[in-house]
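*Asks:* Quick one, what's the 3D model for this:
(chains A and B)
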Amino acid sequence: MANHRKQNHRIFGLFADFEQAFEVIAGIRRYEVPGITVDDVRIKSPIEHPEIEDILGERPTNIPKFAFVGGLFGLVFGFFFLAGAQANFTVQPQGGKPVITIPSNLVLAYEMLILFGVLATLAGFIIGARLMRKRGPFYNHAVSLDQIGIVVERIDDTQRQQVRDLFARHRVIDVFEETV
Amino acid sequence: MSEAALKHLSETQTKDIDENIAWAKINQDVLRSMENPRRGYWIAMAISVALFSVMIYAEVYQYMYGMGAALLNTSHMWDLYISTFVFWIGMSHSGTLLSAILHLVHADWRKPIYRFAEAMTTFSLMTAGIFPVIHLGRVWNFYWVMPYMTDRGIWPNFRSPLIWDAFAITTYLTSSVLFLYIGMIPDLAICRDNTKGWRKKLYTWLSLGWHGDDRQWRNFRITYLMIACFLIPLAVSVHSIVSMDFAMAIMPGWHVTTFPPYFVAGALYSGCAAIITLFILLRYFFKFEEYMTFPILDKVCKLTFVIAMVWTYLNLVEFASVWYGHDIPSKEVLLAKAFGPYAPFFWGMIAFGMFLPFTLLSKWARRNMKFLFVVSVLLNVGMWLERWMIVTPTLSLGYHPWGWNIMWPGWVEWAMVGGSFGWFGMLFLIFVKVFPCVSMYEVKEMVFHRKRTIYEDVDEMMVLHKGAPTAAEAGSTNNGGS
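*Replies:* Numbers count the residues shown, from 1 in each chain, chains lettered A, B, ... in the order given. Modelled structure (predicted):
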């Protein structure tokens, strides 16, 4: 069913007290602003908050998949690359040893597993964290210093005041708004 | 800081960090360090540049007159170049230990000091990588070691541990640079927001548009954890592979099965000792008394002592296995180390590597910066001697009597060894001047979580004593914010 409410506002509150900011998120979780859920909330903070994920709910990331695929590719590619090179380099004296030497290739394939695993993890991070993009309009230098910001998205005119009231109850120090 | 103030601080500083430190002050202190170091910083930089210049001169001389200028000969084809290569690879393990392993075990005291340890890893590897290239003689052909298809269809010999070295070190360097860089991104964003000119452009480019929302932090946390998980087995494999340069060779004293763990323990040991040295230097250069505290130094010293004992044990195991193994040539090499021409260096290694760490058991020693600085440097002298005593005595007393000779390094080799410290010092000092060497966001996290724990404990106590307001009710902010 289509969502009929007007989703044309975005509001950003800046808090000096982290516990108060967490209370705001908990309030939204308790549906203190009808129609707004934690899925509409983002926090901006100078530090990471694993503890707040209990309130925000699980937001999965694909980085372990990137790491797994990268590592697997490195292992398989590394082994076959080396085996292919050895199979095409029969001029080299082998001294009675096999042309494709599994123990030594395993050492090198292990290194390739890690190299490609790390590179793929980095790629996953850049994609997953949405890096290398323009920062949003609500970026505030205070967030990289000692304050925490809460962004509530997709709100309509009536909800806007309710969100402002919720912010005010928890000692917000500044509020910014944007109409999308 | 005056002598009396330092002494007072060493006696009174009991916490890893002061939880009440304002977050704005953390930013200010670290950003100031990038602009305004003490004069000692510039003296250290001048010494490093001078040493590096001597290395350049020696390399040009060796290039003009050939490898004979380094006094290398038939049986002594590696000598100090490979010894110093192994030493620097060992130093590189500090970052992995302090950052990755302690991160996985949630040891939060690592947070103010892990950044420079990670930088040490990167620059140690860049220093180590110089030595195989110098040793080639024809330095311009160094890329032949990489596995690429030539028009003659020639590939490197993948069965050689030297090729394993090339793979392992390339992987380790790439991974450690990325680990260092990713861990710095939130701090680069802080630098971006607080600098001007070329610095702002550099940090804007490097911070990749970081703005610190929960999506970024979540992905950041998992990425950092994943790379830490990759790095730990990688670090173990790198030094194991370096040990195989020796262990895979059929030479007396080298063909030992305990070499991989022995090398890894030695690497962690010298890395930890180097962390103590640089801890003391950075603390002085940048006035980081509030971040690089005595309790943290105390923990690093204890960690160093434990690893020193592991290394000592493995050393004794190696001696015992040679002694009781009845492999006569290996036994002769061991006896020649102890009583032959290299004996002073062998016993120097024993004294500095095995006995000197016991001074770290003394609380007075762990709280005395000057003493600790000297001890940490001597520990690494011992570890450098260890590498030299692995390489040279065996080469001077191999299986073939026609190859028996005593070799003393000439000025070219010594210049290269000294110059490597200059090269490392130069890179490291440039890094700490351009990038934050204390992780601002991690120090904030450390302060935040420790303070929160205190408040939770206080609140519980307040509930027990009815009527008293809890910390939250009293309106305390827990982030040192404005």
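*Asks:* which parts of the helix or strand hosting B:Ala365 are buried?
*Replies:* Using DSSP states H and E, B:Ala365 sits within helix B:363-366. Neighbour counts over helix B:363-366 (16 or more other CB atoms under 10 Å in any protein chain shown) mark B:Arg366 as buried. Quick note: C-beta positions are derived from backbone N, CA and C, even for glycine.
*Asks:* just how off-centre is it within its chain?
*Replies:* Relative to its parent chain, helix B:363-366 has a centroid offset of 22 Å by CA atoms, centre = their mean, to the nearest Å.
*Asks:* Over to stretch B:103-112?
*Replies:* Between the centre of stretch B:103-112 and the centre of its chain there are 16 Å (CA atoms, centre = their mean).
*Asks:* and it with chain A, contact?
*Replies:* No. Judged by CB under 8 Å from any CB of the partner chain, stretch B:103-112 and chain A are separated, with a smallest distance of 10.9 Å.
*Asks:* Keeping just the C-alphas, turn that stretch into PDB.
*Replies:* Extracted in PDB, the C-alpha atoms of stretch B:103-112 (Å, rounded to 0.1, in the frame of the first residue of the first chain):
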ATOM      1  CA  HIS B 103      41.800  -4.500  19.300                       C
ATOM      2  CA  LEU B 104      40.300  -8.000  19.000                       C
ATOM      3  CA  VAL B 105      40.700  -8.600  22.800                       C
ATOM      4  CA  HIS B 106      39.100  -5.200  23.500                       C
ATOM      5  CA  ALA B 107      42.100  -3.800  25.400                       C
ATOM      6  CA  ASP B 108      41.100  -0.100  25.200                       C
ATOM      7  CA  TRP B 109      44.400   1.200  26.700                       C
ATOM      8  CA  ARG B 110      45.900   0.700  23.200                       C
ATOM      9  CA  LYS B 111      43.800   3.600  21.800                       C
ATOM     10  CA  PRO B 112      46.100   6.600  22.400                       C
END
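*Asks:* And the contacts of that stretch?
*Replies:* With contacts defined as CB atoms under 8 Å, 6 or more residues apart in numbering or on different chains, stretch B:103-112 is touched by B:16-17, B:98-99, B:102, B:114, B:224-225, B:228-229, B:232, B:288, B:291-293, B:295-296, B:299, B:438-439, B:442-443, B:445-446, B:449-450.
*Asks:* Just the buried subset of those, please.
*Replies:* By neighbour count, with 16+ other CB under 10 Å, the contacts of stretch B:103-112 hold B:16-17, B:98-99, B:102, B:114, B:224-225, B:228-229, B:288, B:291-293, B:296, B:299, B:438-439, B:442-443, B:445-446, B:450 as buried.
*Asks:* which residues are in contact with the helix holding B:Ala365?
*Replies:* By CB under 8 Å, 6+ apart, the list of residues contacting helix B:363-366 reads B:Phe294, B:Leu297, B:Asp298, B:Cys301, B:Lys302, B:Thr359, B:Leu360, B:Phe371, B:Leu372, B:Val375.
*Asks:* quick one, what contacts the fifth one?
*Replies:* Spelled out, that is B:Lys302. B:Lys302 touches B:Leu360, B:Arg366, counting by CB under 8 Å, 6+ apart.
*Asks:* hmm, the lowest-mean-pLDDT helix or strand in chain A touching chain B?
*Replies:* Scoring the helices and strands of chain A by mean pLDDT, DSSP states H and E places helix A:53-56 at the bottom, with a mean of 76. Yes. Contact of helix A:53-56 with chain B (CB under 8 Å from any CB) involves A:Glu53, A:Leu56.
*Asks:* before we move on, what about stretch A:127-142?
*Replies:* Yes. Stretch A:127-142 comes into contact with chain B (CB under 8 Å from any CB), by way of A:Gly128, A:Ala129, A:Arg130, A:Leu131, A:Met132, A:Arg133, A:Lys134, A:Arg135, A:Gly136, A:Tyr139, A:His141.
*Asks:* Next, the contact list for the last one, please.
*Replies:* Applying CB under 8 Å, 6+ apart, one finds that A:His141 lies in contact with B:Asp193, B:Asn194.
*Asks:* can we see that at 10 Å?
*Replies:* A:Gln147, B:Ala189, B:Ile190, B:Arg192, B:Asp193, B:Asn194 (CB atoms under 10 Å, 6 or more residues apart in numbering or on different chains).
*Asks:* Could you find the closest non-adjacent residue to the residue nearest to the spatial centre of chain A?
*Replies:* For chain A, A:Ala129 is the residue whose C-alpha lies nearest the centre (CA atoms, centre = their mean; 3.9 Å). Nearest non-adjacent residue to A:Ala129, counting by CB to CB, 6 or more residues apart in numbering or on different chains: B:Asn219, 3.9 Å away.
*Asks:* Quick check: that neighbour touching A:Phe125?
*Replies:* Yes. The criterion here is CB atoms under 10 Å, and B:Asn219 meets it with A:Phe125 at 5.5 Å.
*Asks:* Find residues that contact each of the two.
*Replies:* Here B:Asn219 and A:Phe125 share the contacting residues A:Thr61, A:Ile63, A:Leu131, scored by CB under 10 Å, 6+ apart.
*Asks:* Take those residues and lay them out in CSV including distance to B:Phe319.
*Replies:* Shown next, in CSV, are the shared contacts of B:Asn219 and A:Phe125 (distance: CB to CB, whole Å):
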residue, distance to B:Phe319
A:Thr61, 50
A:Ile63, 46
A:Leu131, 52
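*Asks:* just checking, next helix/strand downstream of the helix or strand bottoming out on mean pLDDT in chain B?
*Replies:* Lowest on mean pLDDT, DSSP H and E among the helices and strands of chain B sits helix B:3-12, with a mean of 69. Counting by DSSP H and E, the next helix or strand C-terminal to helix B:3-12 is helix B:23-33.
*Asks:* Let me know the secondary structure of A:Arg154.
*Replies:* Secondary structure for A:Arg154, judged by DSSP: H, G, I helix; E, B strand; the rest coil, is strand.
*Asks:* whoops, A:Ile11 was the one
*Replies:* strand.
*Asks:* Please give the element, helix or strand, for the residue nearest to A:Ala129.
*Replies:* Counting by DSSP H and E, B:Asn219 is part of helix B:214-247.
*Asks:* just how off-centre is that helix within its chain?
*Replies:* 15 Å.
*Asks:* quick one: average confidence on that helix?
*Replies:* Mean per-residue pLDDT for helix B:214-247: 93.
*Asks:* three-state assignment of the residue of the stretch 251-400 of chain B found nearest chain A?
*Replies:* Relative to chain A, the nearest point of the stretch 251-400 of chain B is B:Pro260 (11.7 Å; CB to the nearest CB). Following three-state DSSP, the label given to B:Pro260 is helix.
*Asks:* Disregarding flanking residues, what is the spatial nearest neighbour of it?
*Replies:* Once flanking residues are discounted, B:Pro260 sits nearest to B:Ser240: 3.8 Å by CB to CB, 6+ apart.
*Asks:* now B:Phe373
*Replies:* Nearest residue to B:Phe373, sequence neighbours excluded (CB to CB, 6+ apart): B:Ile280, at 4.8 Å.
*Asks:* Against chain A, how distant is B:Ala128?
*Replies:* Counting by CB to the nearest CB, to the nearest Å, the separation of B:Ala128 from chain A is 16 Å.
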